[in-house]
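Colleague: Sequence and computational prediction follow.
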Amino acid sequence: MAARRRWWGGRLRSRLDQRGATLVEFAIILPLLVLLVFGIIEASWAFAQHNDVRHGAREGARLAAVDFGNLAQIGQAVCDRMDVVYPASNPQVTLTPQPGPSTVGGLGEITVQGSLSTLTGLLDWAFGGIQLTSTVEFRLEQPVSGAPAWWGGGTFACP
């Protein structure tokens, strides 16, 4: 009977030792798992902001191509259409006419710049300070009398 107790006692002690080892291994792996999960979250948020800047540049090019208005009107319309970047940071919209005619077929360029903001703040050291930029070249599509209202170019900062 004493031998039987020792056998069960040894098996119980072995299980307790295994549980302790499992807990130590989990404590070592947990920070890496948390970093991986938050990295995926931050990368997804950065991708959404990058798409928002690209969308803003495309919308601005479309508006400028049909002579939506002056630089302030186009810039404000671009800011209103960006729903991820604009509330978090103040992007800039730059309109630049290309050399050539200011009539149908004339070329222009719009650049939208915004700062990447992190969602959780845990990975600011990796994602903080990145500038998101998108430039779109477009062709004037509607005839206007004289140059379009924005033809002088300039930069508009979202308020």
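Modeller: Nice, I can see it.

Colleague: Can you tell me which residue sits nearest the middle of the protein?
Modeller: What sits nearest the mean C-alpha location of the chain, by CA atoms, centre = their mean, is Q49, with 2.2 Å.

Colleague: Surely that one is within a helix?
Modeller: Yes: judged by DSSP: H, G, I helix; E, B strand; the rest coil, Q49 forms part of a helix.

Colleague: And the contacts of stretch 33-49?
Modeller: 84-85, 88, 114, 116-120, 122-123, 126-127, 130, 132 (CB atoms under 8 Å, 6 or more residues apart in numbering). The way it works is simple: take the backbone N, C-alpha and C, and place the C-beta from them, glycine included.

Colleague: can you pull the pLDDT of the residue nearest to the centre of the chain?
Modeller: Per-residue confidence (pLDDT) for Q49: 93.

Colleague: I'd like the numbering to begin with 48 instead of 1 from here.
Modeller: New numbering, starting at 48: the last item is Q96.

Colleague: distance of it from T69?
Modeller: 40 Å (CB to CB, to the nearest Å).

Colleague: among the helices and strands of the protein, which has the poorest mean pLDDT?
Modeller: Of all helical and strand segments in the chain, the minimum by mean pLDDT, DSSP states H and E falls on helix 132-135, at a mean of 80.

Colleague: Now do the helix or strand that it is followed by: which elements does it pack against?
Modeller: The element immediately downstream of helix 132-135 (helix or strand, assigned by DSSP states H and E) is strand 139-144. Judged by 3 or more CB pairs under 8 Å, 6 or more residues apart in numbering; DSSP states H and E, strand 139-144 is in contact with helix 49-112, helix 118-128, strand 154-162, strand 201-204.
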